[in-house]
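Engineer: Show me the folded form of this:
(3 chains)
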Amino acid sequence: MAGPPTRTERLERLADRQEIEDVVLRYCRGVDRMDRELVRRCYHADATDEHGSFRGSVAEFLDWVFPLLAKYTSTFHLVGNVLVEFGEPGLAAVETYGIAFHRSEREAPHLNLISGFRYVDRFERRPVDGRPQWRIATRTTVVEWSRVDERAGWWPTPEDVRTGRRDRSDVVYEVLRRIG
Amino acid sequence: MAGPPTRTERLERLADRQEIEDVVLRYCRGVDRMDRELVRRCYHADATDEHGSFRGSVAEFLDWVFPLLAKYTSTFHLVGNVLVEFGEPGLAAVETYGIAFHRSEREAPHLNLISGFRYVDRFERRPVDGRPQWRIATRTTVVEWSRVDERAGWWPTPEDVRTGRRDRSDVVYEVLRRIG
Amino acid sequence: MAGPPTRTERLERLADRQEIEDVVLRYCRGVDRMDRELVRRCYHADATDEHGSFRGSVAEFLDWVFPLLAKYTSTFHLVGNVLVEFGEPGLAAVETYGIAFHRSEREAPHLNLISGFRYVDRFERRPVDGRPQWRIATRTTVVEWSRVDERAGWWPTPEDVRTGRRDRSDVVYEVLRRIG
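Structural biologist: Purely as a prediction, here's the structure:
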């Protein structure tokens, strides 16, 4: 870029950054609420994903991950650090740190794991439905550590306390509907 | 909205989003530092809160939560994902993921819990003290999981290492005072 | 400040905030990837750091922390809440919540710790290499809690799953190179 950025360019950059972060966050919601369409729309149609032992297209990823998600009773993908760096126009490198909590009804340790991970993404801004959108072009998931979430330490949620739902009955959809 | 947003509208949206996130973060500081006034100012005066077995007005919530906080020796509310979605003017649906760490001097497991939660908030922008402000209008807390933070695994903080304080003597207030 | 902020001032504030958050996030990357230069550039040259039992200049901090990092096989500094408050021009108080995961090959519990912490920073905007930059002027690390990451609960990462590297061979550098 020649010279310092103009005010418009700085605003664009901030808006781009927010749009990218929102995609990262909607991905987490989509997985945890089992909202397949929400996850799909985080990727460009020709995107690729590497996730644990899986490597493939976004369509293949969706076919792989949703049956896996169904094995758990709940998942919770908390993400922190979302570091966005811009390159050539329409390209960004995005690194996200997160911890994923998986629980199931079964005693199997591999179905009750807590994992620290990083999503290392190449985002691209390209037209989708006639409008330029930042979406994931390639995602590489890096597993940093995993530990068993041992049942002996679970503390049961009391009956009168609200818990999450994995469909449109979760309270987040209710609040969304009510803001119009 | 008719047509694409203007530059001013895009800037407003980014500023709104930041203001909302700051409220979510100040709530955590207020709880962890036991700063009741800071928590109160995160809500509109007529706000409601659902938090575990509690349901009531913000005034009732404050009267319920502060004696509960006093039972712990420390709390630590780390939040990650803050996904803000705007609706009708002055309305936003805000979902925040977090992990809360509670520790007490007592051996009781329910006083030494780690919980994964989501705050699902309806934010409204309304005049407060003569200035429009984004604050929580309704908050619903969703408990995703809890586990006992067993004392056997605690690692004591050495005497010469700084720890948090639950009043104005915490270092964050010192740094705030010094920036003027 | 006299009167409400102008549009330009609001944009500047948002850009400042983003620049500060990016420094906090690059610090985490620098530590976890053992990228000393990246960590160094998060601080002003005359900055000070208080970190556990360490207190000293940024140069001393780097000489202290990198040999310590080398004792671990991996570290993972996830940060959530980054609350930025501005004071006099060029000054900001920044509080960051995080959880640091440390693992080593050795059985020693103090080399396999998980800690909840807060970074309480004074940021200053000052010329660096001829351009005003927000960097850390003083950092105080507050340890909130620590627990042993007991090996009994570790779940091994399968051979065919990508793990993090602590040098330029980590995938994040590859993605960065490819965006130009």
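Engineer: does the longest strand along chain A come close to chain B?
Structural biologist: If you go by DSSP state E, chain A has its longest strand at strand A:131-148. No: using C-beta under 8 Å from any C-beta of the partner chain, strand A:131-148 stays clear of chain B, coming no nearer than 8.8 Å. (Glycine included, C-beta is placed from N, CA and C.)
Engineer: Can I get that strand in CSV, CA atoms only?
Structural biologist: What follows is strand A:131-148, C-alpha atoms only, in CSV (Å, rounded to 0.1, in the frame of the first residue of the first chain):
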residue,chain,number,x,y,z
ARG,A,131,-22.2,-9.7,-2.3
PRO,A,132,-18.5,-9.9,-1.3
GLN,A,133,-18.1,-11.9,1.8
TRP,A,134,-15.3,-13.0,4.1
ARG,A,135,-15.4,-16.7,4.6
ILE,A,136,-13.0,-19.6,5.3
ALA,A,137,-11.1,-20.8,2.2
THR,A,138,-8.9,-23.3,4.1
ARG,A,139,-9.0,-24.3,7.8
THR,A,140,-6.3,-26.2,9.6
THR,A,141,-7.1,-27.3,13.1
VAL,A,142,-4.1,-27.8,15.4
VAL,A,143,-4.6,-29.9,18.5
GLU,A,144,-2.5,-28.5,21.4
TRP,A,145,-3.5,-30.9,24.2
SER,A,146,-6.4,-33.1,25.2
ARG,A,147,-7.5,-34.4,28.6
VAL,A,148,-10.3,-36.7,29.7
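Engineer: Point me to the residue of chain A nearest chain B.
Structural biologist: Using C-beta to the nearest C-beta, the closest approach of chain A to chain B is made by A:Ile179 at 2.8 Å.
Engineer: neighbours around that residue, how many?
Structural biologist: Other residues lying near A:Ile179 total 17 when counted by other C-beta atoms under 10 Å in any protein chain shown.
Engineer: do the same with A:Tyr173
Structural biologist: The number of residues packed near A:Tyr173 is 17, by other C-beta under 10 Å.
Engineer: Also A:Asp63?
Structural biologist: The local packing of A:Asp63 (other C-beta under 10 Å) involves 12 other residues.
Engineer: Next, the buried residues of stretch A:110-130.
Structural biologist: By neighbour count with 16 or more other C-beta atoms under 10 Å in any protein chain shown, stretch A:110-130 contains the buried residues A:111-125.
Engineer: for stretch A:100-109, same thing?
Structural biologist: A:Ala100, A:Phe101, A:His102, A:Arg103, A:Ser104.
Engineer: For the residue lying closest to the last one once chain neighbours are set aside, list the residues it contacts.
Structural biologist: When the adjacent residues along the chain are set aside, A:Ser104 lies closest to A:Leu111, with 3.9 Å between them (C-beta to C-beta, 6 or more residues apart in numbering or on different chains). By C-beta atoms under 8 Å, 6 or more residues apart in numbering or on different chains, the contact set of A:Leu111 is A:Lys71, A:Tyr72, A:His102, A:Arg103, A:Ser104.
Engineer: if I pick the residue of chain A found nearest chain C, what's in contact with it?
Structural biologist: Chain C sits closest to A:Gly87 of chain A, with a gap of 2.9 Å, by C-beta to the nearest C-beta. For A:Gly87, the contacting residues are A:Ala93, C:Leu176, C:Arg178, C:Ile179, C:Gly180, by C-beta under 8 Å, 6+ apart.
Engineer: just so I have it, where are all the strands in chain A?
Structural biologist: Along chain A, counting by DSSP E, strands occupy A:43-51, A:54-57, A:74-86, A:91-103, A:113-128, A:131-148.
Engineer: Of all these, which one comes closest to B:Leu78?
Structural biologist: Among the strands of chain A, the nearest to B:Leu78 by C-beta to C-beta is strand A:74-86 (7.9 Å).
Engineer: tell me the mean pLDDT over the closest one?
Structural biologist: If you average the pLDDT over strand A:74-86, you get 98.
Engineer: Identify the neighbouring strands of it in the sheet and state each direction.
Structural biologist: strand A:91-103 (antiparallel) (DSSP bridges).
Engineer: now the strand it pairs with against strand A:113-128, angle please.
Structural biologist: 140 degrees (axes from the mean of the first three to the mean of the last three C-alpha atoms, to 10 degrees).
Engineer: For strand A:91-103, C-alpha coordinates in CSV please.
Structural biologist: Below are the C-alpha coordinates for strand A:91-103, written out as CSV (Å, rounded to 0.1, in the frame of the first residue of the first chain):
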residue,chain,number,x,y,z
LEU,A,91,-6.9,-12.3,1.8
ALA,A,92,-6.4,-12.7,5.6
ALA,A,93,-4.6,-15.2,7.9
VAL,A,94,-6.6,-15.8,11.0
GLU,A,95,-5.5,-17.7,14.1
THR,A,96,-8.0,-18.6,16.7
TYR,A,97,-7.3,-20.2,20.1
GLY,A,98,-10.0,-22.3,21.7
ILE,A,99,-11.0,-25.0,24.2
ALA,A,100,-13.6,-27.6,23.2
PHE,A,101,-15.6,-29.5,25.8
HIS,A,102,-17.3,-32.7,24.7
ARG,A,103,-19.5,-34.8,26.9
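Engineer: for that strand, what is the average pLDDT?
Structural biologist: Averaging pLDDT along strand A:91-103 gives 98.
Engineer: how big is the angle separating that strand from strand A:131-148?
Structural biologist: Using the same axes, to 10 degrees: strand A:91-103 against strand A:131-148 is 40 degrees.
Engineer: Off-centre distance for strand A:91-103?
Structural biologist: From the chain centre to the centre of strand A:91-103 is a distance of 7 Å (C-alpha atoms, centre = their mean, to the nearest Å).
Engineer: Could you dump the strands of chain A into CSV with distance to A:Val24 added?
Structural biologist: Listed next are the strands of chain A as CSV, based on distance: least, C-beta to C-beta, whole Å:
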stretch, distance to A:Val24
strand A:43-51, 12
strand A:54-57, 19
strand A:74-86, 6
strand A:91-103, 5
strand A:113-128, 7
strand A:131-148, 9
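Engineer: packing partners for the longest helix belonging to chain A?
Structural biologist: Longest helix of chain A, by residue count under DSSP state H: helix A:7-32. Using 3 or more C-beta pairs under 8 Å, 6 or more residues apart in numbering or on different chains; DSSP states H and E, the elements in contact with helix A:7-32 are helix A:36-40, strand A:74-86, strand A:91-103, strand A:113-128, strand A:131-148, helix B:7-32, strand B:74-86, helix C:7-32.
Engineer: could you dump those to TSV with distance to A:Ala15?
Structural biologist: Output for the helices and strands packed on helix A:7-32, formatted as TSV (distance: least, C-beta to C-beta, whole Å):
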stretch	distance to A:Ala15
helix A:36-40	21
strand A:74-86	12
strand A:91-103	13
strand A:113-128	11
strand A:131-148	10
helix B:7-32	5
strand B:74-86	14
helix C:7-32	10
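Engineer: Any idea which of these gets closest to C:Leu38?
Structural biologist: Between C:Leu38 and the helices and strands packed on helix A:7-32, the tightest spacing by C-beta to C-beta is seen for helix C:7-32, at 3.4 Å.
Engineer: pLDDT of that closest one, averaged?
Structural biologist: For helix C:7-32, mean pLDDT is 96.
Engineer: and A:Leu14, what does it touch?
Structural biologist: Neighbouring residues of A:Leu14 by C-beta under 8 Å, 6+ apart: B:Leu14, C:Leu11, C:Leu14, C:Ala15, C:Gln18.
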